[in-house]
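S.K.: predicted coordinates and the sequence they were generated for:
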Amino acid sequence: MIIEAANIHKSFGKLEVLKGIDFSAEKSEVIAVTGASGAGKTTLLQILGTLSTPDSGTLIIDGKNVLGLSGRELAAFRGRRIGFVFQAHHLLPEFTSLENVMIPALIAGKKFGEARPKAVELLEKVGLSHRMDHKPSELSGGEQQRVAIARALINSPAVLFADEPTGNLDSATKQEIHALLFQLRKDLGQTIIIVTHDPELAGLCDRCLVMKDGEFI
């Protein structure tokens, strides 16, 4: 198992957002988490992605008990083993596509000469070999999301978390990004967890888990 989460609880004040969630994912599995707004999907994704801490429960990612790590250890683990793609691309506007993809590798301590060829390879894989020197303002929304996906993969993460990755895209571009995600699973053996309201994307996944009121139904 790449992810094993058990009895995850999370409250904000008196509001219980997650009510004892169990979740697991195997290597190369693509899983959709769906449900109405307020069901707890994003909170679960943030906890599984180590961006937030549960009130109780256990969480093992890639064989590591992440809830037992110190803040610095957890940040280092997250940088190396977890990738994120959000609805908003969060690209740095002053940097080119290539530079945006390289940044997480450089932060993780990789040398420029190691990070650059890997970033070039990933941009080629997502179909942007001709846009490497373009800044985000010169790219379409779909191209920006492709850069964001390449950036999320630069450190070869154990799991890629995607929160509404096609939420801001037109229907044709959505289908291109859907195809790209599954091609990455085929080429890289990538495990991908997707929070989505898109029934088409959810229907393509190996499993679709539906949340309601902080639980899976």
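M.R.: Now that the structure is in, tell me what you want to look at. Numbers count the residues shown, from 1 in each chain.
S.K.: could you measure from the residue lying closest to D198 once chain neighbours are set aside over to E176?
M.R.: Spatial nearest neighbour of D198, excluding adjacent residues (CB to CB, 6 or more residues apart in numbering): T166 at 6.1 Å. Quick note: C-beta positions are derived from backbone N, CA and C, even for glycine. Using CB to CB, to the nearest Å, we find T166 at a distance of 9 Å from E176.
S.K.: between those two, who's got more neighbours?
M.R.: Counted by other CB atoms under 10 Å, T166 and E176 do not tie: T166 has more neighbours, with 26 against 16.
S.K.: so the more buried one touches I177, yeah?
M.R.: Yes - in this structure, T166 is within contact of I177 by CB atoms under 8 Å, at 5.0 Å.
S.K.: what touches both of the two?
M.R.: Shared contacts of T166 and I177, defined by CB atoms under 8 Å, 6 or more residues apart in numbering, are found at Q145.
S.K.: could I get the full set of helices for this structure?
M.R.: Ranges of helices in the chain, per DSSP state H, are 41-48, 71-81, 97-107, 112-125, 141-153, 171-188, 199-204.
S.K.: need those in JSON lines with distance to K27 and mean pLDDT, can you?
M.R.: As requested, these are exported to JSON lines (distance: least, CB to CB, whole Å; pLDDT from 0 to 100):
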{"stretch": "helix 41-48", "distance to K27": "15", "mean pLDDT": "94"}
{"stretch": "helix 71-81", "distance to K27": "13", "mean pLDDT": "91"}
{"stretch": "helix 97-107", "distance to K27": "21", "mean pLDDT": "95"}
{"stretch": "helix 112-125", "distance to K27": "19", "mean pLDDT": "95"}
{"stretch": "helix 141-153", "distance to K27": "15", "mean pLDDT": "93"}
{"stretch": "helix 171-188", "distance to K27": "10", "mean pLDDT": "89"}
{"stretch": "helix 199-204", "distance to K27": "18", "mean pLDDT": "90"}
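S.K.: any idea which of these is most buried?
M.R.: Ranked by mean neighbour count, the helices of the chain are led by helix 141-153 with a mean of 24 (mean count of other CB atoms under 10 Å).
S.K.: give me the angle between that one and helix 171-188.
M.R.: 20 degrees (axes from the mean of the first three to the mean of the last three CA atoms, to 10 degrees).
S.K.: now for the residue most central in space within the chain: which residues touch it?
M.R.: Among the residues of the chain, the one closest to the centroid is F161, at 2.1 Å (CA atoms, centre = their mean). Neighbouring residues of F161 by CB under 8 Å, 6+ apart: 45, 48-49, 82-85, 192-195.
S.K.: let's see 7 Å
M.R.: Taking CB atoms under 7 Å, 6 or more residues apart in numbering, we find F161 in contact with 45, 48-49, 82-84, 193.
S.K.: ok, it to G127 distance?
M.R.: Distance from F161 to G127, by CB to CB: 22 Å.
S.K.: show me what A5 bridges to in the sheet.
M.R.: Per DSSP bridges, the residues bridged to A5 are F23, L59.
S.K.: next one: it, what pLDDT does it get?
M.R.: A5 is assigned 97 on the pLDDT scale.
S.K.: count of residues packed around it?
M.R.: Burial of A5 is recorded as 22 neighbouring residues (other CB under 10 Å).
S.K.: got it, and the one 3 residues further on?
M.R.: I8 has 23 neighbours, counted by other CB under 10 Å.
S.K.: can you lay out the helices of the chain as TSV showing distance to I60?
M.R.: Converted to TSV, the helices of the chain look like this (distance: least, CB to CB, whole Å):
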stretch	distance to I60
helix 41-48	11
helix 71-81	12
helix 97-107	23
helix 112-125	27
helix 141-153	21
helix 171-188	21
helix 199-204	25
